[in-house]
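Colleague: Below are the sequence and a predicted model; questions follow.
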Amino acid sequence: GGAFVVVAAADAAGDADAAALYVAHVDAGQNRADHVAAFAVSQPVLSLAALDAPLAADDPHDAEAGAEASGFEMQVFCVQTRAIQQYYLRPSALYPGDVAPPPPPP
């Protein structure tokens, strides 16, 4: 088990090319981050909120939902300098191909 932590970072000079979201998985058993994934964003993030959302394997609008072993995705709402964006992050996308994501929560 464990949890995900989402952090926004930007260049101190406000360079939009350096803006990113970092998602870390914290292993509850070892009490440490076991993997960090970086995602470039188009503008610096001023504030964010992240929610877990269940995935329906039979959703006709999401052909890949049934392939997500965790059964959920994270929806990250970001207030950015020129927009409010919603990002959808699936746990399987947060790990390199040779590392298995954590099992779904009970």
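Modeller: Perfect, I can see it now.
Colleague: number of nearby residues for residue 94?
Modeller: 20 (other CB atoms under 10 Å). Using the backbone N, CA and C atoms, a C-beta is placed for each residue, glycine as well.
Colleague: quick one: it from residue 35, how far?
Modeller: According to CB to CB, to the nearest Å, residue 94 stands 7 Å off from residue 35.
Colleague: quick one: pLDDT of residue 104?
Modeller: On the pLDDT scale, residue 104 is placed at 55.
Colleague: Just give me the neighbour total for residue 93.
Modeller: The number of residues near residue 93, taken as other CB under 10 Å, comes to 14.
Colleague: same question, residue 25
Modeller: 21.
Colleague: what does residue 91 give?
Modeller: 22.
Colleague: May I ask you to confirm that it is in contact with residue 71?
Modeller: No. In terms of CB atoms under 8 Å, residue 91 does not count as a neighbour of residue 71; the distance is 9.2 Å.
Colleague: neighbours of residue 61, just the number please.
Modeller: 6.
Colleague: which residues are common contacts for residue 94 and residue 35?
Modeller: residue 25 (CB atoms under 8 Å, 6 or more residues apart in numbering).
Colleague: Just give me the residue right at the centre of the chain.
Modeller: residue 89 (4.3 Å; CA atoms, centre = their mean).
Colleague: Relative to residue 67, how far out is the closest residue in space to it that isn't next to it in sequence?
Modeller: Leaving aside its chain neighbours, residue 89 sits nearest to residue 74 (4.5 Å; criterion: CB to CB, 6 or more residues apart in numbering). According to CB to CB, residue 74 and residue 67 sit 16 Å apart.
Colleague: Between the two, tell me which one has more neighbours.
Modeller: Higher neighbour count among residue 74 and residue 67: residue 74, with 19 against 11, using other CB under 10 Å.
Colleague: Mind jotting down where the helices sit in the chain?
Modeller: Counting by DSSP state H, the chain has no helices at all.
Colleague: Next, the contact list for residue 36, please.
Modeller: 22, 23, 24, 25.
Colleague: Just the buried subset of these, please.
Modeller: Those of those that meet the buried threshold are 23, 24, 25, by 16 or more other CB atoms under 10 Å.
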